[in-house]
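> Next comes the sequence, and after it the predicted model I'd like to discuss.
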Amino acid sequence: MEMDERRMTRDEKVFKKASVVRVSRANGRPSSLVVVLIALSMLLSSCGYGFTHVGGIVPEDTKTIAIPTFINGTTEPYVDVEVTKAVVNEFLTDGRLKVVSAETADLVLTGKVTKFEVIPAAYTTDNYVSSYQVIMGISVSVEDMRTHKYILQDSSVGSIFNAGYPVTLSTSTGVSTVDITATKIAKESALKSTSRDVASSLRSRLLEGF
């Protein structure tokens, strides 16, 4: 018995213009941060990523979400940028919702960083602070743009998360002095870690319902 085999091929060439998504920052200046999410979302979708079931509190027929840059309600510079990047990456990695611009999204997730605290956690024997904790809190709203109803409004996301970072001490001269550069790098790393924790919690509340 002779079988006629045909090899299916797909020659898809998708040319899309990635328009820079500009959203307002708290200081009134426009930001183009969210343009990266569109490019990454296109890449993931073209590679075949996608799920039929969304889950959590998201309506079953929802396919897309927009994540404008968070508002910074604290005195810490760029904390809004780090949180936004972490949240965008969390949803891109999850893959159940395609991240798009607000004009075409089924859901729009808006947020504000409401709390950022750096608290001494430990001291050296000569009373230098040897480590701090970074504590962050955000408030978020998720609106279904098809019904104009909010499916999530939470002002306490991330408030329980914290990440400690050490203060690097230099003793080359025999006297303890704070290594400002190393400490700054450690703080930035802790901020990124805390932002990822907050983003993970937010994704879980929206897509897993807890």
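Yep, it's here.
> Just the element for S131, please.
Using DSSP states H and E, S131 sits in strand 129-144.
> strands paired with that strand, and their directions?
As defined by DSSP bridges, the strand partners of strand 129-144 come to strand 107-123 (antiparallel), strand 149-157 (antiparallel), strand 162-166 (antiparallel).
> Helix or strand next in line after the shortest one, which one?
Read it as strand 162-166. Per DSSP H and E, the first helix or strand lying C-terminal to strand 162-166 is strand 169-170.
> ok now that next one, how far from the chain's centre?
For strand 169-170, the gap between its own C-alpha mean and the chain's C-alpha mean amounts to 33 Å (CA atoms, centre = their mean, to the nearest Å).
> Just the residues contacting that strand, thanks.
Applying CB atoms under 8 Å, 6 or more residues apart in numbering, the external contacts of strand 169-170 come out as T124, Y128, S130, S176, T177, V178, D179. The C-beta positions use only the backbone N, C-alpha and C, and glycine is treated the same way.
> Let's see which of these end up in strands.
Among the contacts of strand 169-170, DSSP state E puts S130, T177, V178 in strands.
> can you put these in JSON lines and add pLDDT and distance to F91?
JSON lines is the format used below for these (pLDDT from 0 to 100; distance: CB to CB, whole Å):
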{"residue": "S130", "pLDDT": "85", "distance to F91": "37"}
{"residue": "T177", "pLDDT": "77", "distance to F91": "43"}
{"residue": "V178", "pLDDT": "78", "distance to F91": "38"}
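> re the thing from before, restricting to C-alpha, output the strand holding S131 in CSV.
C-alpha atoms of strand 129-144 as CSV (Å, rounded to 0.1, in the frame of the first residue of the first chain):
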residue,chain,number,x,y,z
VAL,A,129,24.8,49.3,59.4
SER,A,130,25.9,45.9,57.9
SER,A,131,22.7,45.2,56.0
TYR,A,132,19.3,46.7,55.0
GLN,A,133,16.0,45.4,54.0
VAL,A,134,14.1,46.7,50.9
ILE,A,135,10.3,46.7,51.4
MET,A,136,8.0,47.5,48.5
GLY,A,137,4.2,47.9,48.1
ILE,A,138,2.1,48.6,45.0
SER,A,139,-1.5,49.3,44.2
VAL,A,140,-3.0,47.9,41.0
SER,A,141,-6.2,48.0,38.9
VAL,A,142,-7.1,45.7,36.0
GLU,A,143,-9.9,46.9,33.8
ASP,A,144,-11.7,44.8,31.2
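> List the buried residues of that strand.
The neighbour-count check on strand 129-144 (16 or more other CB atoms under 10 Å) flags 129-130, 132-140, 142-144 as buried.
> Next, give me the two most distant ones among these.
The span of these, defined through CB to CB, is set by S130 and D144 at 47.7 Å.
> Counting by contacts, list what the host helix or strand of R196 packs against.
Assigned by DSSP H and E, R196 belongs to helix 180-207. If contacts are counted by 3 or more CB pairs under 8 Å, 6 or more residues apart in numbering; DSSP states H and E, helix 180-207 sits against helix 79-94, strand 107-123, strand 129-144, strand 149-157, strand 162-166.
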